[in-house]
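1. Starting from these lines, generate the structure:
(one chain, ligands or ions: 1)
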Amino acid sequence: MLMSAEQYRESLREYSPRVFLNGEAVESVADEPRFMPGIRAVGVTYDFALRDDYRDLMVETQASSGRDVNRMLHINRHTEDLLSKLEAVRLVCRESGCAQRYLTHDALNAIHQATYRADAEDGSDYHPRFMQYLHQVQDRDLTLGVAMTDAKGDRSLRPQQQPNPDSYVHITQRRPDGIVIRGTKAIVTGGPYMHELLVMPCRTHTEDSADFAVCCAVPLDADGLTIISRPAGRPGQPAARFSGQYGQATAVCQFEDVFVPWERVFMSGEWQHSEYLVTNYANHHRHSCIAARAGFGDLLIGAGALMSEANGLDPEKYQHIRESMVELIKIVEGFFACGVAASVYGIEDPSGAWMPEPVFANVGKLLLATQIYDMHRTAHEVSGGLVVALPGPDEDHNPETAGDLATLLRAREDIPYQQRIDVSRFIEDLTASDTGGWYSVISLHGGGSPQAMKREIFRRYPVEERKALVERLLDRGVADTGQSGAPPRGKQPGQCCPVGCQAPDLPREKKAG
Ligand SMILES: Cc1cc2nc3c(=O)[nH]c(=O)nc-3n(C[C@H](O)[C@H](O)[C@H](O)COP(=O)(O)OP(=O)(O)OC[C@H]3O[C@@H](n4cnc5c(N)ncnc54)[C@H](O)[C@@H]3O)c2cc1C
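-> Model prediction:
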């Protein structure tokens, strides 16, 4: 059953999670105004799946069940699916800023791959267990939060070396009916208004940190789970033209001896598969981040163009305005193109699921991680200082000043004052408010800090093949016509794989989230 946004919000009443917000216990998540922008943003993924014009993008048939499911819950079956997911995420994020639910997609696909591999190598039964869970999630049209990033404590120490073992979520007990987990996940998007959390390891584990290699599903109101959240967006702030409507909460999730029955456990100490799970999640998630930030870029491009127009500067006539706009477009479509390439060159996993090509997915995420600051700069460049200097919305209705402001701060004659200040506040909200800062930091660190992408790009890139190419050209004498008769040079170790498909061993400090 596909739910509407309203049904999704109502379904949250079936859970009684222990949630705190700004020092207060939250009685009802579905009725908490400070979460409403987040609930509304997730709701876009529900309502869009019910629209005829978006159905092809937002709904897909799950191969294993034959049932129609929301794109955000679908296991990819070919490159077309990867492209559709990319476009669907851009669509829901240009409407909501960040629709959050794509994290569910990314985790489900990675767990699908990792459980299949674990069973194939170890003879375990995680995959059929996961498939059963997947079908339940799809049938109930749930939204799952991703609880991956641990509190981590001292970054220079490994999980088992931390003075506080609860810096990382770990298994404290294995019982005949399930496992007991403990520890802290530090940053969980949408924490309070998810149906369940998917607990996943946030790094590659070794034999001596096997208890930290845990992946399982926990309902939001599980005994022992506490969710300490920030508000979503800037609800109730009149100047927040966008984030008063749409936003994202993040939460710290404390697991204090939470029991998880075996049917919801997808990894319990198999450290040798943690790298595969973490890396594949990161790959899917970085691909989604590209689309999410392209949706945000659409908002900035539109707002920048409207602001220039309201200022009386037609980009057709003013070259520097045109150049700033082109720079913004180049950035957004440049990293989005990496997402398209990662989809087109997608790779089939032995489980039958398809994943984005990792070099393009990581390059795209790395580009947006740093270029988000240039996106903000170009929006500021074309807009002027008004975006941070405008008096607050109360002055719009102050009988003593409103008329003056409307006359004095009007720019182009045929564009109403109110339209100009609305766009100005929209740009302030997205780029220069605390929400603006939030978009910078989520772009930089969400899905893993830049270092994680750089490591993955270098590990995956076929450098050896490129070396062999140049060696071959040198052997035959690049400049001559190939008639020099120079003897062939011997191949170096490590050049046996011309397509560079053999990635060297992962460094153990793998991180994503
Ligand atoms: C808005 C937002 C939403 C998010 N949503 C989610 C979510 O839903 N689920 C989830 O699981 N995570 C989520 N994340 C977490 C995200 O994945 C992490 O922020 C990211 O992986 C970086 O981890 P960190 O924040 O702990 O920073 P750190 O890991 O502390 O990184 C800080 C700096 O230290 C460096 N560093 C860290 N460790 C080492 C080391 N051992 N050696 C050398 N250098 C090191 C890093 O490269 C970086 O430069 C979210 C983050 C943000 C900002």
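2. and the residue nearest to the spatial centre of the chain, what is it in contact with?
-> Centrality entry for the chain: nearest residue to the mean C-alpha point is C289, 4.2 Å, by Cα atoms, centre = their mean. Taking Cβ atoms under 8 Å, 6 or more residues apart in numbering as the contact definition, C289 lies against K365, L368, S443, G446, G447. (C-beta placed from N, C-alpha, C; glycine too.)
3. for this protein, what are the low-confidence residue spans?
-> 479-513 (pLDDT under 70).
4. With respect to the ligand, which of the contacts of C289 is nearest?
-> G446 (4.4 Å; Cβ to the nearest ligand atom).
5. Not counting residues beside it along the chain, what's closest to that closest one?
-> In this structure, G446 finds its nearest non-sequential neighbour in C289, 6.1 Å apart by Cβ to Cβ, 6 or more residues apart in numbering.
6. do the same with G97
-> Nearest residue to G97, sequence neighbours excluded (Cβ to Cβ, 6+ apart): Y246, at 4.9 Å.
7. try H376
-> Leaving aside its sequence neighbours, H376 sits nearest to T431 (Cβ to Cβ, 6+ apart; 4.4 Å).
8. go on, A251?
-> Using Cβ to Cβ, 6+ apart, the nearest residue to A251 is G191, at 2.7 Å.
9. Counting neighbours, what do you get for the one you found?
-> 27 (other Cβ atoms under 10 Å).
10. wait, it sits on T143?
-> No: at 11.5 Å, G191 and T143 do not qualify as touching, with contact defined as Cβ atoms under 8 Å.
11. What parts of this structure come near the ligand?
-> 103, 146-149, 152, 155, 187-189, 250, 441-442, 445-449, 451, 509, 511, 513 (Cβ under 6 Å from any ligand atom).
12. Quick one: mark the members of these that sit in strands.
-> Judged by DSSP state E, the residues of the chain next to the ligand include V146, A147, I187, V188, T189, T250 as members of strands.
13. surely F35 meets S28?
-> No: counting by Cβ under 8 Å, F35 does not reach S28; the two are 9.8 Å apart.
14. Of those two, which one has the most company?
-> Per other Cβ under 10 Å, whichever of F35 and S28 has more neighbours is F35, with 29 against 11.
15. residue contacts, the residue nearest to A251?
-> Under the criterion of Cβ under 8 Å, 6+ apart, the neighbours of G191 are V19, G145, L197, I227, S229, A249, T250, A251, V252, C253.
16. For I442, see how far away the residue nearest to G446 is.
-> When distance is defined by Cβ to Cβ, to the nearest Å, C289 is 9 Å away from I442.
17. And for A118?
-> For A118, the distance to I442 - Cβ to Cβ - is 31 Å.
18. sorry, back to before: got a ChimeraX select line for the buried ones in the residues of the chain next to the ligand?
-> A single ChimeraX command selects the buried members of the residues of the chain next to the ligand (16 or more other Cβ atoms under 10 Å):
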select :103,146,147,148,149,152,187,188,189,250,442,446,447,448,511,513
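19. residues contacting the closest residue to the ligand within the stretch 151-300 of the chain?
-> Distances between the stretch 151-300 of the chain and the ligand by Cβ to the nearest ligand atom are smallest at T189, namely 3.2 Å. Residues near T189 by Cβ under 8 Å, 6+ apart: Q100, L103, G145, V146, Q248, A249, T250.
20. D56 too?
-> So, once contact is read as Cβ under 8 Å, 6+ apart, D56 ends up touching S84.
21. D52: neighbouring residues, count only.
-> Using other Cβ under 10 Å, D52 is surrounded by 6 other residues.
22. Check G23 too.
-> 6.
23. Could you look up the next helix or strand downstream of the helix or strand containing the residue nearest to the centre of the chain?
-> According to DSSP states H and E, C289 maps onto helix 274-310. Reading on from helix 274-310 to the C-terminus, the next helix or strand found by DSSP H and E is helix 319-344.
24. So what are the sheet partners of the next helix or strand after that next one and their directions?
-> Remark: after helix 319-344, the chain's next helix or strand is strand 347-348, criterion DSSP H and E. Its sheet considered, strand 347-348 pairs with strand 354-355 (antiparallel) by DSSP bridges.
25. what's in contact with the partner strand?
-> 76-79, 81-82, 109, 113, 280, 283-284, 346-349.
26. following that strand, which helix or strand shows up next?
-> Per DSSP H and E, the first helix or strand lying C-terminal to strand 354-355 is helix 358-383.
27. Give the buried residues for the helix or strand just after that next one.
-> Downstream of helix 358-383, the first helix or strand assigned by DSSP H and E is helix 386-389. Using 16+ other Cβ under 10 Å as the test for burial, helix 386-389 gives L386, V387.
28. Wasn't A217 part of a helix?
-> No: going by DSSP: H, G, I helix; E, B strand; the rest coil, the assignment for A217 is strand, not a helix.
29. what separates it from T172, distance-wise?
-> Taking Cβ to Cβ, one finds A217 at 18 Å from T172.
30. What of L50?
-> Distance from L50 to T172, by Cβ to Cβ: 43 Å.
31. Does G233 touch R241 like I think?
-> No: between G233 and R241 there is no contact under Cβ under 8 Å: 11.1 Å.
32. More neighbours: which of those two?
-> A direct count of neighbours by other Cβ under 10 Å for G233 and R241 places G233 higher, at 31 against 22.
33. Could you find the closest non-adjacent residue to the more buried one?
-> Using Cβ to Cβ, 6+ apart, the nearest residue to G233 is G247, at 1.8 Å.
34. Which secondary structure state does the one you found sit in?
-> Classified using three-state DSSP, G247 is coil.
35. so who does it touch?
-> G247 makes contacts with P37, G38, A41, G97, P231, A232, G233, R234, P235, T435, as judged by Cβ under 8 Å, 6+ apart.
36. now with 6 Å?
-> P37, G38, A232, G233 (Cβ atoms under 6 Å, 6 or more residues apart in numbering).
37. For the first one, grab the count of nearby residues.
-> In other words, P37. P37 has 26 neighbours, counted by other Cβ under 10 Å.
38. now swap in the third one and tell me
-> Burial of A232, expressed as a neighbour count using other Cβ under 10 Å, amounts to 30.
39. which of the contacts of G191 lies closest to T61?
-> Nearest to T61, judged by Cβ to Cβ, of those is G145 at 25.5 Å.
40. Not counting sequence-adjacent ones, nearest residue to that closest one?
-> Counting by Cβ to Cβ, 6+ apart, G145 lies nearest to M194, which is 3.6 Å off, once chain neighbours are set aside.
41. ok so, going back, using CSV, please lay out the contacts of G191 together with distance to N70.
-> What follows is the contacts of G191, written out as CSV (distance: Cβ to Cβ, whole Å):
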residue, distance to N70
V19, 25
G145, 16
L197, 18
I227, 24
S229, 24
A249, 21
T250, 23
A251, 23
V252, 28
C253, 24
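42. F360 touches A342, doesn't it?
-> Yes: contact status for F360 versus A342: in contact at 3.7 Å, counting by Cβ atoms under 6 Å.
43. more crowded one of these two?
-> Neighbour comparison, F360 and A342: the larger count goes to A342, with 29 against 24 (by other Cβ under 10 Å).
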